[in-house]
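S.K.: all I have is the shape, not the residue letters:
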Ligand SMILES: [Zn+2]
Ligand SMILES: [Zn+2]
């Protein structure tokens, strides 16, 4: 089984200010025993080819990807598309891209309380999503992944565990174990066919607060994915499997 992270941001991100480089992220992933990593900047697909040998030397397969905003607000993760992912602006565009190419579409943080989250668009476009994210930003008492788990179960859609990493300490608490050989296409195909298991553990309150404080200092408006936990109703952990 491969230890895989499919949702990360780095200092190459054109939207968020991230305090580590892609190489530093690769180093951290290698230290934590990851086998594969997708760098998914907002709105820009990083050319991972110049980083491939650096990553390979550290036992990491790099998966090309992007976190694209569609219809002005909703985030979607697009992994391993041959081209055109940066041009997707609507769900109709995404449907066309999927018809032309075999990339992987993941619904990130779909039911978090933020405008970028998909909510009702999940049902409208259920067939577009190959996998649903269990997002690492949760604590023992506050967990927005429960609805995602319910949605995934109802639709028979695989779940993946993602850190949505904006700070290096977010790497390692929630990830996926994928049953595949260590290459990009095989990993994406395995996820699509459900040969994936979520491993997640809740953040301690202190850690969650520290991450949120760090994000809030940089982004008082919280432009991206992570949501303030104090807005949440109490709930139990959803996709915690270990
Ligand atoms: Zn993100
Ligand atoms: Zn996001």
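M.R.: Thanks, I have it. The structure presented is a predicted model; accordingly, all values stated were derived computationally and were not measured. Ligands and ions are numbered 1, 2, ... in the order given.

S.K.: in the protein, which spans are helices?
M.R.: Using DSSP state H, the helices found in the chain span residues 22-31, 49-57, 91-100, 121-124, 146-155, 184-192, 205-218.

S.K.: of the ones you listed, which approaches ligand 1 most closely?
M.R.: helix 205-218 (11.4 Å; Cβ to the ion). Just so you know, the C-beta spots here come from the backbone N, C-alpha and C atoms, and that holds for glycine as well.

S.K.: which other helices and strands contact the closest one?
M.R.: When contacts are defined as 3 or more Cβ pairs under 8 Å, 6 or more residues apart in numbering; DSSP states H and E, helix 205-218 packs onto no helix or strand at all.

S.K.: mean confidence for it?
M.R.: Helix 205-218 carries an average pLDDT of 85.

S.K.: quick one: it to chain centroid distance?
M.R.: Distance, stretch centre to chain centre, for helix 205-218: 19 Å (Cα atoms, centre = their mean, to the nearest Å).

S.K.: in it, which residues are buried?
M.R.: The neighbour-count check on helix 205-218 (16 or more other Cβ atoms under 10 Å) flags 208, 211-212, 215 as buried.

S.K.: and which of these is nearest residue 44?
M.R.: residue 215 (19.8 Å; Cβ to Cβ).

S.K.: any buried residues in stretch 92-101, and which?
M.R.: Buried residues in stretch 92-101, defined by neighbour count with 16+ other Cβ under 10 Å: 93-94, 97-98.

S.K.: now those residues in JSON lines, with distance to residue 60?
M.R.: Formatted as JSON lines, the buried residues of stretch 92-101 follow (distance: Cβ to Cβ, whole Å):
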{"residue": "93", "distance to residue 60": "31"}
{"residue": "94", "distance to residue 60": "28"}
{"residue": "97", "distance to residue 60": "26"}
{"residue": "98", "distance to residue 60": "27"}
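
S.K.: what segments of the protein are strands?
M.R.: 2-5, 36-39, 61-70, 74-79, 104-107, 131-135, 159-162, 174-178, 196-200 (DSSP state E).

S.K.: ok, which of the buried residues of helix 205-218 also contact ligand 1?
M.R.: Taking Cβ under 5 Å from the ion as the test, ligand 1 is in contact with none of the buried residues of helix 205-218.

S.K.: any idea which of the residues you listed is closest to residue 49?
M.R.: Among the buried residues of helix 205-218, and counting by Cβ to Cβ, the member closest to residue 49 is residue 215, at 30.0 Å.

S.K.: and residue 8, how far from residue 33?
M.R.: 16 Å (Cβ to Cβ, to the nearest Å).

S.K.: for those two, indicate the residue with more neighbours.
M.R.: Taking neighbours as other Cβ atoms under 10 Å, residue 8 and residue 33 compare with residue 8 leading, 28 against 10.

S.K.: so where's the protein uncertain?
M.R.: Applying pLDDT under 70 to the chain picks out residues 217-242.

S.K.: excluding its backbone neighbours, what's nearest residue 205?
M.R.: Excluding the flanking residues, the one nearest residue 205 by Cβ to Cβ, 6 or more residues apart in numbering is residue 139, at 5.8 Å.

S.K.: now residue 119
M.R.: Residue 119 sits nearest to residue 111 (Cβ to Cβ, 6+ apart), 6.2 Å away.

S.K.: these two touch, right, the one you found and residue 148?
M.R.: Yes - assessed by Cβ atoms under 8 Å, residue 111 is found in contact with residue 148 at 5.4 Å.

S.K.: who has more neighbours, the two?
M.R.: Each of residue 111 and residue 148 has its neighbours counted (other Cβ under 10 Å); residue 148 has more, 27 against 20.

S.K.: which residues are in contact with the more buried one?
M.R.: Residues near residue 148 by Cβ atoms under 8 Å, 6 or more residues apart in numbering: 107, 110-111, 132-135, 159, 238-239.
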